[in-house]
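Participant: below: sequence and its predicted model.
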Amino acid sequence: MMLLAIEQGNTNTLFAVHDGVEWIAQWRAATEASRTADEYAVWLQQLLAMKDLKFGQLTGCIISSVVPQSIFNLRNLARRYLNLEPLVIGENVELGIEVRIAKPSEAGADRLVNAIGAKLLYSGDLIVIDSGTATTFDIVAADGAFEGGLIAPGINLSLQALHEAAAKLPRIAIQRPDKVIGKGTVEAMQSGVFWGYVSLIEGLVSRIKTEWGAPMTVIGTGGVASLFEGATDSIDHFDSDLTIRGLLAIWRRNAHLTD
């Protein structure tokens, strides 16, 4: 088995290859909704070659995307260059997870995949915090069901909004400031955004736990989650492989659909 897993968020797209035993390659590209199958193929072929891999060695493909207009091109990538019919989360895949919200169809593919990936490794009731374009807090019950959650703007989105809406505020990089009180504009912005998000995480985790009324384990994942490692005790585990672990489990559950 040689699986190509594609996980596409609003900001980045992850391509990962699993050989049946372990993940042997991972690459990230900026998400561009207009990127064609041919453009993906040229880029991916070169990266595969660096790992001594070829398109013909890939025997399966699974796609999770929150960018609907990109799914057509990603599907064509699999069909035309891999000669595979991909499994697409939300279209032709049985997830095997109960969704306990008013309208189950509204649950984002990425959030459900994360829930599945989390339950494979962690027990009990869970809070999964995914820090990307948006920061999501998802509740996974001890029996594996998705219970809903919260969606807040992501840290990069907040920085972008500050720069674009306030003429005198510069575009800055995210980093952890040494002190909370900034002595200049850049330091003040970095502190406000970074420690503001730490406080957001701590406050919402506390409120969720109070409302849930039982012990919960908190897992952080996503593109910028590592920024908060060591900055708060509210996150118990940082797990960058949460999503691709979920995709692998879903593919194994549904592999017969591509036969």
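Facilitator: Perfect, thanks for sending it.
Participant: what about the helices in the stretch 51-200 of the chain?
Facilitator: Ranges of helices in the stretch 51-200 of the chain, per DSSP state H, counting those that start in this stretch, are 68-81, 109-119, 155-165, 185-212.
Participant: which among the ones you listed is found nearest to Glu7?
Facilitator: Glu7 sits nearest to helix 109-119 of all these, at 7.3 Å, using Cβ to Cβ. In short, each C-beta sits where N, CA and C put it, glycine included.
Participant: centre of the chain to that closest one, how far?
Facilitator: 9 Å (Cα atoms, centre = their mean, to the nearest Å).
Participant: can you list the neighbours in contact with that helix?
Facilitator: 7, 9, 64-66, 89-90, 95-97, 99, 126, 128, 130, 136, 138, 140, 144, 146, 149, 219, 221, 239, 241-247, 249-250 (Cβ atoms under 8 Å, 6 or more residues apart in numbering).
Participant: just for the stretch 51-200 of the chain, where's the confidence low?
Facilitator: 163, 167-170 (pLDDT under 70).
Participant: picking up where we left off before, narrow the contacts of helix 109-119 to those that are buried.
Facilitator: 7, 9, 64-66, 89-90, 95, 97, 99, 126, 128, 130, 136, 138, 140, 146, 149, 219, 221, 239, 242-247, 249-250 (16 or more other Cβ atoms under 10 Å).
Participant: could I get the helices of the stretch 51-200 of the chain in CSV, plus columns for distance to Arg35?
Facilitator: Formatted as CSV, the helices of the stretch 51-200 of the chain follow (distance: least, Cβ to Cβ, whole Å):
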stretch, distance to Arg35
helix 68-81, 6
helix 109-119, 19
helix 155-165, 20
helix 185-212, 29
